[in-house]
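Trainee: structure, please.
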Amino acid sequence: MIFKVAMIVGSLRNNSYSGQVADSLAHMFSSRVEVHRIPIGELVLYNPDLDEEISATPESWQSFRESMRACDAVMFVTPEYNRALPAALKNALDVGSRPYGESIWNNKPGCCISLSPGMIGGFSAQHQLRQSLVTLNVRVMQQPEAYLSQVHKLLDDNGAVSQADTREFLQGVVADFEQWISILSDK
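Mentor: Next up, the predicted model:
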C-alpha cells in the first residue's frame with residue numbers, strides 16, 4: 001500500500017530553513033510513501049462567516065481541504081516565531097478544522113518537527129502545535145521528538161542536511177513515522 005503524506009511547512013519565506021529541511025525529509029521516505037507538499041501561504045485568514053454559504057467559501061480553503069483529505073497522514077515542519085507557532089500554520093489548522101464536524105485533521109497520523117537558528121530548536125512552537133493537534137484529534141507520533149537547533153549550521157549551500165548525525169537522526173524519525181502510519185492504518 002502506498003501512503004500519501006502531506007508535508008506542511010510553517011514558514012512562508014522563500015528558501016526558508018523549514019522548507020529546506022522539509023525537502024530533505026521528503027527524500028528520506030521509502031517507496032511506500034508519496035510526499036505532497038501542501039502550501040498554506042495563500043489561505044485567506046479563517047472567518048467562520050465565510051463557511052456559512054458554499055458560494056462564499058474561499059477557493060484557497062476548498063483547495064487546501066481537498067488536498068488534505070486526499071492524504072493519509074501529515075508531517076509538519078515549522079520554525080518558531082517569537083516563542084510561538086507561526087500565524088500561517090495556525091490559520092491552516094483552523095481552516096482545516098471547519099466547518100464543524102468536517103475537520104480534515106480527524107484521526108490522521110501526524111509528526112512534528114520544529115527548528116530554529118537558536119538553541120532550543122523551536123520547542124515552544126512545537127508544543128503549541130501539539131496542543132492544537134490534540135484538540136483536532138491528529139494522532140501525533142510522540143517519540144522521537146525532533147527539535148533542530150542551530151539549523152543554519154545543519155544545512156549545506158544547496159539546502160540539504162549536511163551533518164551526518166542529523167541526517168541519521170532524521171532518517172530515524174521518518175522511518176518511525178512510516179511505521180506509525182502503518183500501525184494506525186491497520187486499525
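Trainee: hey, let's count contacts and neighbours off CA atoms from now on
Mentor: Fine.
Trainee: export the helix or strand where E178 lies as PDB, just CAs?
Mentor: Per DSSP states H and E: E178 is located in helix 164-185. Taking C-alpha atoms only, helix 164-185 is exported to PDB below (Å, rounded to 0.1, in the frame of the first residue of the first chain):
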ATOM      1  CA  ALA A 164      25.700  13.100   9.100                       C
ATOM      2  CA  ASP A 165      24.400  12.600  12.700                       C
ATOM      3  CA  THR A 166      21.400  14.900  11.900                       C
ATOM      4  CA  ARG A 167      20.700  13.100   8.700                       C
ATOM      5  CA  GLU A 168      20.800   9.800  10.600                       C
ATOM      6  CA  PHE A 169      18.500  11.100  13.300                       C
ATOM      7  CA  LEU A 170      16.000  12.500  10.800                       C
ATOM      8  CA  GLN A 171      16.100   9.200   8.800                       C
ATOM      9  CA  GLY A 172      15.100   7.500  12.000                       C
ATOM     10  CA  VAL A 173      12.200  10.000  12.600                       C
ATOM     11  CA  VAL A 174      11.000   9.300   9.000                       C
ATOM     12  CA  ALA A 175      11.200   5.500   9.500                       C
ATOM     13  CA  ASP A 176       9.400   5.700  12.800                       C
ATOM     14  CA  PHE A 177       6.700   7.900  11.200                       C
ATOM     15  CA  GLU A 178       6.200   5.400   8.400                       C
ATOM     16  CA  GLN A 179       5.800   2.700  11.000                       C
ATOM     17  CA  TRP A 180       3.300   4.900  12.900                       C
ATOM     18  CA  ILE A 181       1.300   5.400   9.800                       C
ATOM     19  CA  SER A 182       1.200   1.700   9.100                       C
ATOM     20  CA  ILE A 183       0.200   0.900  12.700                       C
ATOM     21  CA  LEU A 184      -2.700   3.400  12.600                       C
ATOM     22  CA  SER A 185      -3.900   2.300   9.200                       C
END
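Trainee: which of the three states applies to the residue most central in space within the chain?
Mentor: For the chain, F76 is the residue whose C-alpha lies nearest the centre (CA atoms, centre = their mean; 1.6 Å). With DSSP: H, G, I helix; E, B strand; the rest coil as the basis, F76 sits in strand.
Trainee: thinking again about what came up before, name the helices or strands packed onto the helix holding E178?
Mentor: helix 17-26, strand 109-115 (3 or more CA pairs under 8 Å, 6 or more residues apart in numbering; DSSP states H and E).
Trainee: how distant is the longest one from the center of its chain?
Mentor: When you say that, I think you mean helix 17-26. Here helix 17-26 is found 11 Å from its chain centre; the criterion is CA atoms, centre = their mean, to the nearest Å.
Trainee: gap between G10 and W180?
Mentor: 22 Å (CA to CA, to the nearest Å).
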